[in-house]
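Visitor: I would like the atomic coordinates for the input below:
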Amino acid sequence: MAKGKIILTGDRPTGRLHIGHYVGSLRRRVELQNSGEYDKIFIMIADAQALTDNADNPEKVRQNIIEVALDYLSAGLDPEKSNLFIQSQISELTELTFFYNNLVTVQRLQRNPTVKQEIQLRGFNDDEAADNKAGIPVGFFCYPISQAADITAFKATTVPVGDDQLPMIEQTREIVRRFNATYAPVLVEPSALLPEGDACMRLPGTDGKAKMSKSLGNCIYLSDTSEAVREKIRGMYTDPGHLQVSDPGKVEGNTVFTYLDAFCKPEHFEKFASCFVGKKVSFSFASLDEMKAQYRAGGLGDVMCKNFLYEVLEDTLAPIRERRHKFEQDIPYVYEVLRKGSEAAREVAAQTLAEVKRAMKINYFDPGVLDELIAEQSEKYR
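Guide: This is a model prediction of the structure:
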């Protein structure tokens, strides 16, 4: 069994990463990487998983691998501290998935809440249509098993996830328990690590909808220009009942304040105090709680709030944007990081696969095993 604390996490390369990814996982990954508390950190670009519902558009996945890698590096992930790799380059993951398939029933996958939610989100139907497009792709349906292979291949003890992914971690734990009980105690049972703070559990889109996604056009991307960020904040959903500046406003469900919960720091109020100075009113806040209280009481307009949010976001995004521009000028380096990371990851996964095969007693041609088999079968048929 592996010793030490090991992290496995990653993203599907279906588009550039947005600030929802950042507060939900990416920011935390950088903190964990720099904490020194973990012996190994594996961060996967899950292109094979992305193909389960993008099989007819592989170029989309291929092109977005570099986008995700650039976002990783610009956000602060360090190849010297974290292993960045591409999922499809680790063929051992496919073998592990195949073996784990036999440990999970169709009925169990159907009960997985995350699978149900993702099927509904992508518009898959249970009944297969004549054009073969309406049915659920088998690869997509079975991706909890593939995810279990990813986690166990590196004997991860910790998997940073959002609360919507908890059923996936539980599925992995079940597979681990069943494998270890059936064959031998080879696999490690992982634990989920949830984001800190309610605002970081699931950041809504700029339109106030529960999910931030590229298809809905409600994302602020890590790579957005300063002008794009400002424009998106200007159109952001607030309190529809806050028609006049003097009207009392609601903070709950107000996207501006949800974003401030996720990004605002106490020092921002002194740093960007000018945002609250206008022709008719002037405010001085020492904390977000004070700002919220004033908004609820009335007199604090949405424009001031949005201007403040813009400055707060830019305080985070500007350094990321600057680092990304530097990495964009050295694409060979980015691919070299992924190549080396994939090679190192494959060595680890190969070791786990060898242990799995040994436990299942299907390592027929390993040194010593073949001699025993020959001797046993020769005696049987003598």
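Visitor: Walking through the chain, point out its strands one by one.
Guide: 6-11, 40-45, 83-86, 158-160, 191-193 (DSSP state E).
Visitor: Going by neighbour count, list what's buried in the last one.
Guide: By 16 or more other CB atoms under 10 Å, the buried positions in strand 191-193 come out as Ala192, Leu193. Quick note: C-beta positions are derived from backbone N, CA and C, even for glycine.
Visitor: Quick one: list the elements packing against it.
Guide: In terms of contacts (3 or more CB pairs under 8 Å, 6 or more residues apart in numbering; DSSP states H and E), strand 191-193 is packed against strand 158-160, helix 166-182.
Visitor: just so I know, which of those lies nearest Cys264?
Guide: Proximity to Cys264 (CB to CB) singles out strand 158-160 among the helices and strands packed on strand 191-193, at 22.4 Å.
Visitor: show me what contacts the residue lying closest to Ala148 once chain neighbours are set aside?
Guide: Distances taken as CB to CB, 6 or more residues apart in numbering put Thr172 closest to Ala148, at 4.0 Å, once the chain neighbours are dropped. Each residue near Thr172 by CB atoms under 8 Å, 6 or more residues apart in numbering is listed here: Pro144, Gln147, Ala148, Ile151, Thr152, Val159, Pro190.
Visitor: My guess is Ser74 contacts Arg321. True?
Guide: Yes - using CB atoms under 8 Å, Ser74 is in contact with Arg321, at 7.4 Å.
Visitor: Would you format the strands of the chain as CSV with distance to Ala359 and mean pLDDT included?
Guide: As requested, those are arranged in CSV below (distance: least, CB to CB, whole Å; pLDDT from 0 to 100):
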stretch, distance to Ala359, mean pLDDT
strand 6-11, 19, 96
strand 40-45, 22, 98
strand 83-86, 25, 98
strand 158-160, 22, 93
strand 191-193, 22, 92
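Visitor: so can I have JSON lines of these showing distance to Leu121?
Guide: As requested, these are arranged in JSON lines below (distance: least, CB to CB, whole Å):
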{"stretch": "strand 6-11", "distance to Leu121": "16"}
{"stretch": "strand 40-45", "distance to Leu121": "21"}
{"stretch": "strand 83-86", "distance to Leu121": "25"}
{"stretch": "strand 158-160", "distance to Leu121": "21"}
{"stretch": "strand 191-193", "distance to Leu121": "21"}
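Visitor: what's the closest of these to Val229?
Guide: Of all those, strand 6-11 sits nearest to Val229, with 21.0 Å by CB to CB.
Visitor: so what does that closest one touch, helix or strand wise?
Guide: Strand 6-11 is packed against helix 27-35, strand 40-45, helix 143-153, strand 158-160, with contacts defined by 3+ CB pairs under 8 Å, 6+ apart.
Visitor: any idea of the mean pLDDT for stretch 13-22?
Guide: Per-residue pLDDT over stretch 13-22 has a mean of 93.
Visitor: returning to what we had before: please identify every residue contacting each of Ser74 and Arg321.
Guide: Leu222, Ser223.
Visitor: quick one, domains of the chain?
Guide: Per automatic domain parsing, the structural domains of the chain span 6-202+331-373, 226-326.
Visitor: Going by mean pLDDT, which of these comes out lowest?
Guide: Per-stretch mean pLDDT for these is lowest at domain 6-202+331-373 (a mean of 91).
Visitor: Quote the end-to-end distance of that domain.
Guide: End-to-end distance for domain 6-202+331-373, by CA to CA, to the nearest Å: 36 Å.
Visitor: start at 565 instead
Guide: All set: I'll call the first residue 565, so the last point we hit is now domain 570-766+895-937.
Visitor: mind listing what Arg592 touches?
Guide: By CB under 8 Å, 6+ apart, the contact set of Arg592 is Pro724, Leu757, Pro759, Glu760, Cys764.
Visitor: now, which of those sits nearest Arg903?
Guide: Of all those, Arg903 sits closest to Pro724, with 24.6 Å by CB to CB.
Visitor: That concludes my questions; thank you for your assistance.
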